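In: Sequence plus the predicted model coming up.
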Amino acid sequence: MKPMNKASCQIFLLFFLVLVRFNSSAQNFTPEVSLFIKVNSASIALVDAKVIDGTGGPAKLHQTILINNGIITAVGNNTDVNVPAGAQVISCGGKTVIPGLVMVHEHLYYTEFLDGYFNVAQMASSFAKMYLAGGATTIRTAGSIEPQTDLAIQRMIGEGKLVGPEMDVTAPYIERPGFDIPALNNIKDSAEAARSVNFWADKGCTSFKMYMHALPEDLQAVVREAHKRGLKVTGHLNVITYREAANLGIDNLEHGFMPCSDFDSTKKVGQFSSLYSRALLNLPQNSEKMKDLIRLLIQKKVALTSTLPVFEPFTGREIILGGDTSVLVPPIRETVIARWQRAQNKDSASQVLFKKNMAWEKQFYDAGGLLLAGTDPTGSGRTLAGYGSRREIELLVEAGFTPVQAIKIATMNGAVYLGKNKTIGSIEKGKQADLVLLDGDLEKNIKNIRNTEIVFKKGVGFDSKMIFESVKGKVGLN
Ligand SMILES: [Zn+2]
C-alpha cells in the first residue's frame, strides 16, 4: 500500500470525520430527559435473550441483538453473532425482547365526568412518558382535543426535550353537533370538514378521525382531501355504518365491532343509532351477517383497531387496568375507585358484549384482516397510557391470540398501517432499534408484559420503572 502524503492524509481525515458525523445518530437530550436514560452507548449488545420479533414467526431463545448508532445491525443465535469489542453488553438470560409497541388508538388526554358532562383534560406531561415507559415507541393519536399541544409534544420529544414515543398526530375529531362534550370539535358541513383536513395537515397532522355523528358526505369529503395528500382516515362511527364507510374508502375503523351500527334494523340511513349495542348483543357470535361484513372490510383493505381495555368490564377486574391507582391524583383516584365499587356485579351485558367483540376481532384476524392494537385511555378513567397499552396485549391473549400473534398485532401490524414497516415494527437487521426488554418469559405468562425494564427508542434505553415512578399521583391533573 502506498503511504499517504500530507494532502491526501488531510482529505482522508476530512472524509473520516464526515463519515463519523453521518453515522452518528447521537441525539441530544436535556438534563431532565437524561435522568430517565439508562443506556446510551453507540454500540450495544443484548445477549442471550428470548426474542419475539414482531413478524409473527416463532419466538427464539438464546439470541443476541447488536445495536449500532440506533440501528439493529445483527440478530441471531448467541453462537453466530460476535459481540464487537467495546460494545455495552446487557445480559438478557431469562428475559424477553420484543419490538417497541406501535399503538394506534392513543390520546394525550384523560376523561372524567364533571357536572354530569364528559370532561376531557390534556395530559401534557404524564401520558407521553407513560406510553414510552409501557413499551410504546410509536403511537398514533386517534382524535385530539388540543392538537397544537399534541404537535408541540411531538416536536419536543423529537428534540430530546420531553420523554415519549414517536407520534403520528391526528387532527381534532370531525364530528357534527350531537354530544355535550365541551372539548369535542364540531363541523357544520362537509365543506368545513374538507377545509379542516387541509388546515390541520398544513400544521403537521397526519391522520384524521370521524366521530359518531359525522355523515356519509363528511366522510366522503375527508377521504378525498386526506387521500390526495397520502394521509389516512379512521373512524369511531355510528351514523355511518361500517359497510358505508368501507365503500366510501375509510382506511381504519376503531374499537373493533363495539360501535358497529350495521346490525340495528331500526336504523335509517344518515341517522344516529341508539340501539346498536342491543343489536350486537342479539347478534349470534358466529353470525353469517358478521362474516359477510368482515369479508367486505378485508376486500376494501380496511384495518380494524382493537381497543379492548376501554371496554373491560368492572366485575372482578382491576381498577386501573395493568397498573395501580397510586398513579392518579388523589381526588380523581377516589372517584375512580368509588365508581368501580358501585359497578361490581352490575355489568353482565357489558361482559357478554366484551367477549363477543373479542371473538369478532379474532374472526377478522383469522380471515386475513389487518388487526391493530390501541389503548384508548378514556372511558371510566381506568384505562391509562402505558399501563393500558400493556393490558391490551394481555386481553388479546384472553381473546384467544397466541402471545406471538398479540405482539405482531401490537407492533408490525401498526407499522404496516402507518406505512413505517420498512423502519419499525420488528426486530430485524437494518431497522431502527426500538425494543422492549421484559423480565421473564412472555410466552409462559403474558403478564410478564408488565415487567418492562428498558425501553429502547432508536437505541437509547429508557428506565421504565423510573418513568412510571415519576408520574405517581399526577395523572388526571397534567
Ligand atoms: Zn379514542
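Out: Here it is on my side, so go on. Numbers count the residues shown, from 1 in each chain.

In: Just give me the residue right at the centre of this structure.
Out: Taking C-alpha atoms, centre = their mean as the criterion, M103 is the residue nearest the geometric centre of the chain, at 1.2 Å.

In: wait, is that one part of a helix?
Out: No - M103 is assigned strand when assessed by DSSP: H, G, I helix; E, B strand; the rest coil, not a helix.

In: my read: it touches G388, true?
Out: No - M103 is not in contact with G388 according to C-beta atoms under 8 Å; the separation is 9.3 Å. Every residue, glycine included, has its C-beta placed from N, CA and C.

In: So for the two, which residues contact both of them?
Out: T375 (C-beta atoms under 8 Å, 6 or more residues apart in numbering).

In: residues touching the residue of the stretch 1-150 of the chain found nearest the ion, list them.
Out: The ion sits closest to A142 of the stretch 1-150 of the chain, with a gap of 4.9 Å, by C-beta to the ion. Going by C-beta under 8 Å, 6+ apart, A142 touches 104-107, 170, 207, 209, 234, 236, 254, 305, 374, 376.

In: Next: K38.
Out: K38 neighbours (C-beta under 8 Å, 6+ apart): I454, G461, F462, D463, M466.

In: Can you say which of those are buried?
Out: Taking 16 or more other C-beta atoms under 10 Å as the criterion, what is buried in these is I454, G461, F462, D463.

In: In a strand, the first one, correct?
Out: So that's I454. Yes - with three-state DSSP as the criterion, I454 is part of a strand.

In: So for stretch 48-65, mean pLDDT?
Out: In this model, stretch 48-65 has an average pLDDT of 98.

In: Check stretch 242-252 too.
Out: In this model, stretch 242-252 carries a mean pLDDT of 98.

In: for the ion, what are the nearby residues on the chain?
Out: Selection of the chain residues close to the ion by C-beta under 5 Å from the ion yields A142, D376.

In: if you set the cut-off to 8 Å instead, what comes out?
Out: Along the chain, the residues adjacent to the ion under the rule C-beta under 8 Å from the ion are H105, H107, A142, G143, H236, E254, H255, T307, V310, G374, D376, T378.

In: Please flag which of the residues you listed sit within strands.
Out: Residues of these located in strands (DSSP state E): H105.

In: Just the buried residues from the residues of the chain next to the ion, in ChimeraX please.
Out: Of those, the buried ones can be selected in ChimeraX as follows, counting by 16+ other C-beta under 10 Å:
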select :105,107,142,143,236,254,255,307,310,374,376,378
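
In: Now the residues of the chain next to the ion in CSV, please, with extra columns for distance to N186.
Out: Shown next, in CSV, are the residues of the chain next to the ion (distance: C-beta to C-beta, whole Å):
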residue, distance to N186
H105, 21
H107, 18
A142, 18
G143, 13
H236, 15
E254, 19
H255, 21
T307, 23
V310, 23
G374, 24
D376, 21
T378, 18
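
In: Show me which of the residues of the chain next to the ion is closest to A85.
Out: G374 (42.7 Å; C-beta to C-beta).

In: what residues are up against the residue in the stretch 301-450 of the chain that the ion sits nearest to?
Out: Residue nearest to the ion within the stretch 301-450 of the chain: D376 (4.3 Å; C-beta to the ion). By C-beta under 8 Å, 6+ apart, the residues touching D376 are H105, E106, H107, A142, E254, H255, T307, P309, V310, T383, G388.

In: Please produce CSV containing these, extended by distance to L219.
Out: Formatted as CSV, those follow (distance: C-beta to C-beta, whole Å):
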residue, distance to L219
H105, 18
E106, 22
H107, 21
A142, 16
E254, 13
H255, 17
T307, 20
P309, 27
V310, 23
T383, 27
G388, 28
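
In: ok, and what's touching stretch 108-124?
Out: By C-beta under 8 Å, 6+ apart, stretch 108-124 touches 127-128, 141, 144-146, 149-150, 153, 179-184, 332, 335, 377-379, 381, 384-385, 475-478.

In: In PyMOL, how would I select just the buried ones from these?
Out: Typed into PyMOL, the line below selects the buried ones among the contacts of stretch 108-124, using 16+ other C-beta under 10 Å:
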select buried, resi 127+128+141+144+145+146+149+150+153+181+183+184+332+335+377+378+381+384+385+475+476
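
In: So which of the contacts of stretch 108-124 are in helices?
Out: F127, A128, T149, D150, I153, I332, T335 (DSSP state H).

In: For T141, see how far away the last one is.
Out: Pointing back at T335 there. Per C-beta to C-beta, to the nearest Å, T335 is found 25 Å from T141.

In: got the ones in helices among the contacts of stretch 108-124 as a markdown table, with pLDDT and distance to A191 columns?
Out: Formatted as a markdown table, the ones in helices among the contacts of stretch 108-124 follow (pLDDT from 0 to 100; distance: C-beta to C-beta, whole Å):
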| residue | pLDDT | distance to A191 |
| --- | --- | --- |
| F127 | 98 | 34 |
| A128 | 98 | 34 |
| T149 | 98 | 27 |
| D150 | 98 | 25 |
| I153 | 98 | 30 |
| I332 | 95 | 40 |
| T335 | 94 | 41 |
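
In: of all the residues you listed, which comes closest to G230?
Out: Nearest member of those to G230, counting by C-beta to C-beta, is D150, at 20.1 Å.

In: Enumerate every residue touching the closest one.
Out: Neighbour list for D150: L108, T141, S144, M167, V169 [criterion: C-beta under 8 Å, 6+ apart].

In: repeat that with 7 Å
Out: With contact set as C-beta atoms under 7 Å, 6 or more residues apart in numbering, D150 has these partners: L108, T141, S144, V169.

In: Spatially, what comes nearest to the third one if we skip its sequence neighbours?
Out: Translated: S144. D150 (4.9 Å; C-beta to C-beta, 6 or more residues apart in numbering).

In: Tell me the confidence at the residue nearest to the centre of the chain?
Out: M103 is given a pLDDT of 98.

In: same deal with K6?
Out: Confidence score, pLDDT, at K6: 49.

In: Report whether the expected contact of L101 with A136 is present.
Out: Yes - with contact defined as C-beta atoms under 7 Å, L101 and A136 form a contacting pair (4.3 Å).

In: can you pull out the helices in the stretch 51-200 of the chain?
Out: Along the stretch 51-200 of the chain, the segments classed as helices by DSSP state H, counting those that start in this stretch run 126-133, 147-158, 190-203.

In: What residues sit buried inside the last one?
Out: Yep, that's helix 190-203 we're talking about. S190, A193, A194, S196, V197, W200, A201.

In: Pull up the gap between the first one and A214, please.
Out: This points to S190. Distance from S190 to A214, by C-beta to C-beta: 9 Å.

In: Kindly report the same for T402.
Out: Counting by C-beta to C-beta - T402 and A214 are separated by 36 Å.

In: From the neighbour counts alone, determine which of those two ranks first.
Out: A214 (26 against 15; other C-beta atoms under 10 Å).

In: Nothing else from me, thank you.
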